[in-house]
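In: My questions are about this predicted structure, shown below with the sequence.
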Amino acid sequence: MNEDSTNGIVLEHVTKVFPGGVTAVDDVSLEIGEGEFIVLVGPSGCGKSTLLRMIAGLEEVSDGRIEIAGRDVTYMPPRDRDIAMVFQSYALYPHMTVRDNLAYGLRARRTEKAEVERRVSDAAAILGLRELLSRRPGQLSGGQRQRVAMGRAIVREPAAFLMDEPLSNLDAKLRVDMRASLAQLHARLGVTTVYVTHDQVEAMTLGTRVAVLSEGRVQQVDTPHALYVAPRNLFVASFIGSPAMNLVEASIDDGTLRAGSLTLPLDAAVADQLEGIGRVAVGIRPELFEDAALAPGHLPRLDVEVAVVEDLGSDVHVIFRVDGARIPAGAQPRSDDDDEGALLAGDSTLFNARIDPRTQVRAGAGLTLSVDPARFHFFDLESGNRLRLQRQAFDHDEQGAAR
Amino acid sequence: MTRRSKMQTSFWTPGQLGAQLILLLSTIYFLLPLVWVTVSATKSNDDLFSTFGLWFSGNFALFSNIHRLFTYDGGIFTRWALNTLLYAGVGAAGATLFATMAGYALAKYRFVGSTAISAAVIGAVLVPVTALALPLFFLASRVHLVNTYWSVLLPSMVSPLGVYLARVYAQASVPDEMLEAARIDGSSELAIFFRISLRIMSPVVVTIFLFQFVAIWNNFFLPLVMLSDDGRYPLTLGLQTWNTTLATSGHVIYNLVVTGSFLSIVPLIAAFLFLQRYWRSGIASGGVVG
């Protein structure tokens, strides 16, 4: 994965303390391989944008070291770092045509005229901007402006692209289209890319690897799949996945997991490893539930009182109450996508089950769900860290991801 | 004055009527002197005092007035006009450049003392130019600039109001992300200012230029204090000299003073009409979202 990180980006103990004492980025070390597409994701204020701006040279580094393509750039001005950046606001030059916007960076570097022509027309062809070259940004739609911003980065042929929430000003449908275009573009150009977003779906779909940040620290760096199947701590567990992982305090006695009104039998091997620990946090992905009427018979069942039913067509989200203690707020990040629990929060915890759309469930009625305990996640309540277990059904995934 | 369209209701409320009246009165107040100067410029010296001030006399003397104006006293009026153009043109251009740069720097760069400087600039806006004339004279005499073009030009290139306007405009209309994009693109700070920021700030550049141009054009006290050689006089000072010195010495040339005043307004009006089209806002729209 990062076999050739010397030509990528290396961050060593990078720290940013703002005047006034706020630590925005706290001792981040990261190796980004050449050609890798790495996504920095986290809730607002987690330091992801500050980290990106430090790589770009727009923000001074308080401590640590940054290397791009084998050169120490820690104290270099942005223009000497051989990077190109795409901003959330696009930051196009409003008084220039699209052509001049694309060419500006090359002309500022005194690139030969014919070369400028060639690169601009290449980028315009790739991004479908040919017809728009003589227009000004004010005459373009949001998606077109976004493409011009991309084009401005591409023509520079830099060692790395830095992207700061480049899609967040587009409407939902366009964002999905642009996401796919971005992935194709990266596959085609193969340029090292650092991409900042607060949207975990973007992070999961775009990243070769994803770095989850919280409070200025890297919580976990891994492939999207590994983050999903083996989150290292409660923060990553609750941040990655939509709807979010269901988390509740639980105890394990006699091979049985008890979390408030929930009582479920566990695999003997798993239960044995957990028994001495006392109380843990258990994490259950919404898709581990199924309407018992539509599920295989061997799985354990539980009866729930349905609070809300969300029929999405492809599947149905069933929200129900579990009388267990909520996981402390500090461990649970507040993100834009993850406020299901916020409205109805009380002493109890709300669970979300993603089940087959053929279900007959109605809000307010009772429902029997089946669930697969073999794929539960367990976390230490104190540290929030994942409890690593030896188990057969899960081993393959978890071991693969943890490498 | 106001023609009401058919779409509107046909009666004004007392409040609207009052507002319209006040507007009408202030319009008259400001236009009356202009009308008087325009009308009076067409009169001979005798008619100036013997006919009704706000209407033309039978004898249309504008062209003979203009002819005499440009030939009187060895054609020195032309000299004064060119001087005024020099003072106002170069002074306003310099003031605009410096004010725009300063305001932009105060708005867009973080440096020690920027808040204090901003406060000082606002304070300086409140100081009347007249109050500075004497201190400036003493300064100028110290460096032997008195009675030179520079003695009027240099103080004219300072515009605290311009700095203030540029700062406010740059804060609101030049996005930080765009400057960062340009830095990453490889531009120097100077290139960013001249190629990008200045273009976006063009409405405020024009505004500062016009304000300063008019202020210098109409400035009387500073040249009065600084200049003693009438060959360097601007129009304001020259016409005033005609009005007092020559009149008391027996030459009766009020018609020339009035015609000179009339002609001296024309370039101002032209400048306003010409530069108005650059006064469009929204030139920056579309570059940055939000």
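Out: All right, it came through fine.
In: From here on, just use CA atoms for contacts and neighbour counts.
Out: Will do.
In: So, low pLDDT: which residues of the stretch 101-250 of chain B?
Out: Scanning the stretch 101-250 of chain B for pLDDT under 70 picks out B:246-247, B:250.
In: near chain A, which residues of it?
Out: B:175, B:177-178, B:180-187, B:196, B:199-200 (C-alpha under 8 Å from any C-alpha of the partner chain).
In: Looking at the residues you listed, which is nearest A:L302?
Out: B:E177 (53.4 Å; C-alpha to C-alpha).
In: And the helices in the stretch 151-290 of chain B, which stretches?
Out: Applying DSSP state H, counting those that start in this stretch to the stretch 151-290 of chain B gives helices spanning B:160-173, B:176-185, B:189-192, B:198-200, B:202-218, B:221-226, B:235-241, B:247-248, B:254-275.
In: Can you tell me which of these is nearest to A:L106?
Out: helix B:176-185 (7.5 Å).
In: Mind listing residues that contact the closest one?
Out: A:56, A:58, A:78-79, A:83-87, A:89, A:91-93, A:104-106, A:108, B:108, B:189, B:192, B:288 (C-alpha atoms under 8 Å, 6 or more residues apart in numbering or on different chains).
In: contacting residues for the spatially closest residue to A:I68 that is not a sequence neighbour?
Out: Among residues not flanking A:I68 along the chain, A:I9 sits closest, at 4.5 Å (C-alpha to C-alpha, 6 or more residues apart in numbering or on different chains). Counting by C-alpha under 8 Å, 6+ apart, A:I9 makes contact with A:31-34, A:66-70.
In: Considering the residues you listed, which is situated nearest to chain B?
Out: A:I68 (14.4 Å; C-alpha to the nearest C-alpha).
In: Show the contacting residues for the closest one.
Out: Per C-alpha under 8 Å, 6+ apart, neighbours of A:I68: A:6-10, A:81, A:159.
In: Scan the chain for its longest helix.
Out: Picked chain A for this. Assignment by DSSP state H gives helix A:172-189 as the longest helix of chain A.
In: oops, I was thinking of chain B
Out: Identified as the longest helix of chain B according to DSSP H is helix B:62-108.
In: tell me which residues in the very next helix or strand once past it are buried?
Out: Using DSSP states H and E, the next helix or strand after helix B:62-108 towards the C-terminus is helix B:114-125. For helix B:114-125, a neighbour-count test (16 or more other C-alpha atoms under 10 Å in any protein chain shown) marks B:118, B:121 as buried.
In: cool, stretch A:145-160 as well?
Out: For stretch A:145-160, the buried set under the neighbour-count rule, 16+ other C-alpha under 10 Å, comprises A:145-157, A:159-160.
In: So for it, mean pLDDT?
Out: Taken as a whole, stretch A:145-160 carries a mean pLDDT of 94.
In: ok, residues contacting that stretch?
Out: A:8, A:68-69, A:82-87, A:90-92, A:98, A:101-103, A:105-106, A:119-120, A:123-124, A:127, A:129, A:137, A:161, A:166-167, A:191-194.
In: hmm, back to that, which one among the residues of the stretch 101-250 of chain B next to chain A gets closest to B:S26?
Out: Closest to B:S26, out of all of these and judged by C-alpha to C-alpha, is B:I200, at 34.9 Å.
In: who's in contact with A:S261?
Out: Shown in contact with A:S261 (C-alpha under 8 Å, 6+ apart): A:322-324.
In: run the last query once more with 10 Å
Out: By C-alpha atoms under 10 Å, 6 or more residues apart in numbering or on different chains, the contact set of A:S261 is A:302-304, A:321-324, A:348.
In: What residues does the stretch 151-300 of chain A have near chain B?
Out: Counting by C-alpha under 10 Å from any C-alpha of the partner chain, the residues of the stretch 151-300 of chain A close to chain B are A:152-153, A:156, A:169.
In: and the helices of the stretch 151-290 of chain B as TSV, adding mean neighbour count?
Out: Below are those laid out as TSV (neighbours: other C-alpha atoms under 10 Å in any protein chain shown):
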stretch	mean neighbour count
helix B:160-173	21
helix B:176-185	22
helix B:189-192	14
helix B:198-200	21
helix B:202-218	22
helix B:221-226	20
helix B:235-241	20
helix B:247-248	12
helix B:254-275	17
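In: Is it possible to get CSV of these that adds distance to B:L134?
Out: Shown next, in CSV, are the helices of the stretch 151-290 of chain B (distance: least, C-alpha to C-alpha, whole Å):
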stretch, distance to B:L134
helix B:160-173, 18
helix B:176-185, 42
helix B:189-192, 36
helix B:198-200, 34
helix B:202-218, 17
helix B:221-226, 7
helix B:235-241, 17
helix B:247-248, 27
helix B:254-275, 26
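In: Nearest to A:P19, out of the ones you listed?
Out: helix B:176-185 (19.1 Å).
In: Please report how far the residue lying closest to A:E215 once chain neighbours are set aside lies from A:V218.
Out: Leaving out its chain neighbours, the residue that sits closest to A:E215 by C-alpha to C-alpha, 6+ apart is A:C46, at 4.6 Å. Separation of A:C46 from A:V218 (C-alpha to C-alpha, to the nearest Å) stands at 9 Å.
In: Kindly report the same for B:T96.
Out: 49 Å.
In: quick one, which of these two is more surrounded?
Out: Using other C-alpha atoms under 10 Å in any protein chain shown, the more surrounded residue of B:T96 and A:V218 is B:T96, with 28 against 22.
In: Could you double-check that that one lies in contact with B:A166?
Out: Yes - contact criterion C-alpha atoms under 10 Å: B:T96 and B:A166 qualify, at 9.2 Å.
In: between the two, what contacts are shared?
Out: B:102, B:204-205, B:207-208.
In: which pair in those spans the largest distance?
Out: Greatest spacing in the shared contacts of B:T96 and B:A166, by C-alpha to C-alpha: B:A102 and B:T207 (15.5 Å).
In: Burial check on residue 139, number of neighbours?
Out: Because you didn't say which chain, this covers chain A. Neighbour tally, A:Q139, other C-alpha under 10 Å: 15.
In: wait, I meant chain B there
Out: Neighbours of B:L139 using other C-alpha under 10 Å come to 14.
In: which residues in chain A form helices?
Out: A:48-56, A:98-108, A:113-127, A:142-154, A:172-189, A:200-206, A:224-229, A:234-239, A:268-274, A:340-344, A:392-402.
In: Find the least confident helix or strand in chain A, judged by mean pLDDT.
Out: Here the helix or strand of chain A ranked lowest by mean pLDDT, DSSP states H and E is helix A:340-344, holding a mean of 44.
In: Quick check: phi and psi at A:V191.
Out: phi -90, psi 140 (degrees, to the nearest 10).
In: Look up the closest residue to it, ignoring the ones flanking it.
Out: A:G35 (4.7 Å).
In: Of all pairs in the contacts of A:I68, which one is the farthest apart?
Out: Most distant of the contacts of A:I68, by C-alpha to C-alpha, are A:T6 and A:R81, 14.8 Å apart.
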